[in-house]
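S.K.: Structural data only, the sequence is not supplied:
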C-alpha cells in the first residue's frame with residue numbers, strides 16, 4: 001500500500017488556507033507526553049518543502065504564495081498550518097519559524113517550517129489580574145479563565161465535565177494562564193491538552209462510558225466556624241475576599257438540639273429590636289460582595305429553619321446596594337408547625353430598580369415584649385441562593401446528598417469551611433456509546449484478537465519504578481491526605497508522590513484523590529511503552545483507523561515476547577503520538593500508559609475487565 005495521502009495548507013492574516021502539498025518533502029509530528037502524571041506541553045510540527053523555484057522565499061513577490069490582494073506573503077512566522085492525512089486532521093497549529101537551505105551553487109533549495117499547537121497560544125497568555133469569586137468545577141473554572149483571557153468558545157469546546165470543586169482564587173498581573181490551568185487539571189486530576197484540530201481538551205481519568213452534565217447551586221450564607229463551642233454571639237464583621245459578611249444576631253451553637261440535616265443548630269441571641277420596647281429573638285445576617293451579586297442576577301431565594309415558637313415566625317429579607325442601603329425588602333411571616341417542630345421561613349426577592357445588587361440581608365425569628373421570658377429560639381439551614389424558587393435545602397457542611405452511579409454530588413467552599421459561601425455540584429450521567437477500541441498485535445498474537453489485530457513493526461517494553469508510588473500525599477486548601485501501601489513500602493522501599501498544590505477547598509476530595517492514585521500506582525508495571533507502525537504496509541481502512549487515534553484514546557496491545565509463553569494482552573491509554581513521513585515511508589509511534597493497575601470500575605467497559613487488571 002502507498003503512504004497515506006497528505007494535504008498541507010498554510011494561511012496568514014485573512015488569506016484563508018492555501019494548499020502547498022505539492023512541495024512537501026517530509027512531515028514530522030510530535031504530540032503528547034511520555035508519562036501519565038506529566039503536564040502536557042505544546043505539540044510540535046516540522047515540514048520540509050522543496051524550494052528550488054523560491055516559492056517559499058518571503059522576498060519573492062512573484063511566488064504563488066504572495067498575495068497581491070493583501071500585499072504580503074503567506075510565508076510568515078505567526079501564520080497557521082494544517083496537516084491532513086487521508087482527509088483526517090493530524091495537526092493544526094501556529095507557525096513559529098521558517099528556515100531555508102541551499103547547496104553551494106544556490107540549488108537544491110529547501111524551506112522548513114516549525115509550528116506548535118493550541119497549547120502554544122494558551123502558554124503565551126498571561127493574566128492581567130482578576131478574581132474567581134465563586135465555587136466552580138474544574139471544567140467551569142477552565143472555561144471561565146479561557147473566556148476571561150480572550151479565547152473563543154470554539155477553542156475550548158472539548159473541555160469536558162470534571163467533578164472537583166475549586167474555591168475562590170485571585171490572579172496577579174503577569175501570572176501564566178497555562179500554569180494555572182495545569183494546576184486546575186491536576187486538582188481533578190485530569191489531562192489538559194490540545195487535540196489535532198487546535199481545540200483544547202480536558203478529560204478526567206475515570207475512563208467511564210458516561211457523558212456528564214454539571215449543574216451548580218450556591219449558598220451565599222457563611223457559617224462562622226469560630227462559633228463552634230462558644231457561648232457568646234460573634235457579631236464582628238468578617239472579610240470573605242471580595243466583600244464582608246456579618247451575623248448581626250446569632251447565638252451560640254446548640255448541641256443539645258438535634259439537627260434535621262446533620263449540621264449545626266444555633267440558639268438565637270436576644271438583642272434590642274427595631275421596634276421600641278421589644279426584643280428580636282432569632283437570626284440576622286448581612287453580606288456585601290459587589291463582585292458576587294453583580295454576576296448572579298436580580299432574584300434571590302431566602303430560607304431558614306426555626307424551632308421554639310408555637311405562634312408565628314416573622315422577619316424580613318433585603319437586597320442591598322454597595323453602601324449597605326436598601327434596594328428592595330419584604331416582610332415575611334410563617335405559621336409555626338409547633339414549638340418542638342422545625343418550620344421553614346423564607347421568600348423570594350427581585351430587584352426591579354435600576355440599582356445594582358451588591359449584597360443581601362435577612363432577619364428570621366420573632367419579636368416579643370421585653371418582659372417576655374422563657375422562649376429559646378433555634379435555627380439552622382440558612383440559605384441565600386440565586387434564583388426564583390426554593391427546591392430543597394442544602395449547605396456545604398451538611399452532606400445533603402449521597403452519590404450514586406448516575407449522579408455524583410460534590411460540596412466545597414469558596415474559602416474556609418463554613419466561614420465562606422458554599423457550592424453544591426450535581427453531575428448527572430448519560431450513558432455514551434462504547435468507544436471503538438483498536439487492537440494491535442504482533443504476528444504471534446493475532447489469534448488472540450481473531451486475526452484482526454493491526455500489525456506493528458517495533459515494540460518497546462518497560463518494567464520499572466518511574467511510576468511506582470506506595471505513598472501518596474495530596475494537599476488541598478482545607479485538607480491534607482496521606483495514603484500508604486505498607487506492603488509495597490516493605491517490598492520496594494518508600495516511593496512518594498506529592499501533589500502539594502491541589503486547589504479544591506473540599507474537606508473530602510484530597511483523600512479520594514490520594515486513595516485513587518495509590519491504587520493505580522502502588523505496583524510496578526510491565527507494559528508496552530511504545531509501538532511503532534509502518535502505515536505504508538497497512539490497508540487504507542487500517543490507515544484511517546490508526547490516523548484517527550487521538551491522545552487519551554484507549555487501545556489494546558497483544559504481544560508474545562520471543563514467541564514463547566503466554567500472550568501479553570493489555571489495555572493502554574495513548575499518551576503521545578509521533579509521526580515521520582516522506583514520499584516513501586510513513587512511520588507512526590504511539591507512546592502508551594498502562595491501565596493495568598487502575599482500579600476496577602463497574603461503570604466502564606474498559607476498566608471492568610477482570611483478565612489482567614489488579615483488584616484493589
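M.R.: Here it is on my side, so go on. Here the structure is a predicted model, which is why all the values come from computation and not from measurement. Numbering: from 1, shown residues only.
S.K.: CA only for contacts and neighbour counts going forward, please
M.R.: Will do.
S.K.: OK, contacts around residue 205?
M.R.: 189, 190, 191 (Cα atoms under 8 Å, 6 or more residues apart in numbering).
S.K.: now, which of those sits nearest residue 473?
M.R.: Closest approach between the contacts of residue 205 and residue 473, by Cα to Cα: residue 189, at 13.4 Å.
S.K.: Torsion angles phi and psi at the closest one?
M.R.: Backbone geometry at residue 189, expressed as degrees, to the nearest 10, gives phi -90, psi 150.
S.K.: pLDDT at it, what is it?
M.R.: You'll see residue 189 listed with a pLDDT of 94.
S.K.: correct me, but it touches residue 512?
M.R.: No: the pair residue 189 / residue 512 is not scored as a contact, 10.6 Å apart, by Cα atoms under 8 Å.
S.K.: For those two, indicate the residue with more neighbours.
M.R.: The neighbour comparison of residue 189 against residue 512 (other Cα atoms under 10 Å) goes to residue 189, with 23 against 12.
S.K.: Chain neighbours aside, what residue packs nearest to that one?
M.R.: Using Cα to Cα, 6 or more residues apart in numbering and skipping the chain neighbours, the partner closest in space to residue 189 is residue 204 (6.1 Å).
S.K.: so the one you found makes contact with residue 186?
M.R.: No: between residue 204 and residue 186 there is no contact under Cα under 8 Å: 9.5 Å.
S.K.: hang on, the earlier thing: would you convert the contacts of residue 205 into CSV that also reports distance to residue 341?
M.R.: As requested, these are arranged in CSV below (distance: Cα to Cα, whole Å):
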residue, distance to residue 341
189, 44
190, 46
191, 49
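S.K.: ok, these vs residue 315, which is closest?
M.R.: Ranked by distance to residue 315 (Cα to Cα), those are led by residue 189 at 44.9 Å.
S.K.: what's across from the closest residue to residue 16 other than its chain neighbours in the sheet?
M.R.: Nearest in space to residue 16, with sequence neighbours left out and distances taken as Cα to Cα, 6+ apart, is residue 10 at 8.0 Å. On the basis of DSSP bridges, residue 10 is bridged to residue 18, residue 81.
S.K.: Quick check: residue 337 vs residue 596, distance?
M.R.: According to Cα to Cα, to the nearest Å, residue 337 and residue 596 sit 58 Å apart.
S.K.: So these two - more neighbours on which side?
M.R.: Legend: neighbour count by other Cα under 10 Å for residue 337 and residue 596, higher for residue 596 (22 against 17).
S.K.: and the more buried one, that one's in a strand?
M.R.: No: under DSSP: H, G, I helix; E, B strand; the rest coil, residue 596 sits outside any strand and is assigned coil.
S.K.: and stretch 482-498, which residues are buried?
M.R.: For stretch 482-498, a neighbour-count test (16 or more other Cα atoms under 10 Å) marks 482, 483, 484, 485, 488, 489, 492, 494, 495, 496, 497 as buried.
S.K.: And the average pLDDT for that stretch is what?
M.R.: Here the average pLDDT along stretch 482-498 is 96.
S.K.: ranges for the helices of this structure?
M.R.: Using DSSP state H, the helices assigned to the chain run over residues 118-124, 138-148, 177-187, 290-293, 486-492, 509-521, 540-547.
S.K.: Buried residues of the second one, list them for me.
M.R.: When neighbours are counted by 16+ other Cα under 10 Å, the buried residues of helix 138-148 are found to be 138, 139, 140, 141, 142, 143, 145, 146.
S.K.: and the gap between the second one and residue 238?
M.R.: In this structure, residue 139 lies at 30 Å from residue 238, with Cα to Cα as the measure.
S.K.: lowest average confidence, helix or strand, in this protein?
M.R.: strand 269-272 (a mean of 44; mean pLDDT, DSSP states H and E).
S.K.: could you show me where the strands are in the stretch 301-450 of the chain, in order?
M.R.: 312-320, 326-335, 343-350, 359-369, 378-386, 407-413, 422-431, 439-441 (DSSP state E, counting those that start in this stretch).
S.K.: Could you dump those into TSV with distance to residue 120 and mean neighbour count added?
M.R.: TSV is the format used below for these (distance: least, Cα to Cα, whole Å; neighbours: other Cα atoms under 10 Å):
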stretch	distance to residue 120	mean neighbour count
strand 312-320	44	22
strand 326-335	47	16
strand 343-350	45	21
strand 359-369	40	23
strand 378-386	38	24
strand 407-413	32	24
strand 422-431	31	20
strand 439-441	32	22
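S.K.: Going by the annotation, which residue ranges form each domain of the chain?
M.R.: 6-116, 126-205, 225-425, 436-461+525-616, 469-522 (automatic domain parsing).
S.K.: Relative to residue 215, which of the ones you listed is closest?
M.R.: When these are compared by Cα to Cα, domain 225-425 sits nearest residue 215, at 5.9 Å.
S.K.: Tell me how many other residues surround the residue nearest to residue 189.
M.R.: 21.
S.K.: give the contact list for it.
M.R.: Neighbours of residue 204 in contact, by Cα under 8 Å, 6+ apart: 161, 162, 188, 189, 190, 191.
S.K.: Mind telling me which of the domains of the chain the model trusts least?
M.R.: Per-stretch mean pLDDT for those is lowest at domain 225-425 (a mean of 81).
S.K.: just how off-centre is that domain within its chain?
M.R.: Distance of domain 225-425 from its chain centroid, counting by Cα atoms, centre = their mean, to the nearest Å, is 31 Å.
S.K.: and what of stretch 64-83?
M.R.: Computed by Cα atoms, centre = their mean, the separation of stretch 64-83 from the middle of its chain amounts to 36 Å.
S.K.: how about it: buried residues?
M.R.: In terms of neighbour count (16+ other Cα under 10 Å), stretch 64-83 has its buried residues at 65-66, 72-76, 78-83.
S.K.: and if you look at stretch 554-574?
M.R.: Those would be 554-560, 567-574, for stretch 554-574 by 16+ other Cα under 10 Å.
S.K.: closest to residue 285 among those residues?
M.R.: Ranked by distance to residue 285 (Cα to Cα), those are led by residue 573 at 51.5 Å.
S.K.: Verify the stated contact: the closest one with residue 590.
M.R.: No: look at residue 573 against residue 590 with Cα under 8 Å: they stay out of range, at 9.5 Å.
S.K.: buried sites along stretch 173-184?
M.R.: 176, 177, 178, 180, 181, 182, 183, 184.
S.K.: before we move on, what about stretch 526-540?
M.R.: So, applying 16+ other Cα under 10 Å, buried residues of stretch 526-540: 527-538, 540.
S.K.: Just send those residues back as CSV, with distance to residue 130 too.
M.R.: As requested, the buried residues of stretch 526-540 are exported to CSV (distance: Cα to Cα, whole Å):
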residue, distance to residue 130
527, 44
528, 45
529, 42
530, 43
531, 45
532, 46
533, 47
534, 49
535, 48
536, 52
537, 54
538, 52
540, 51
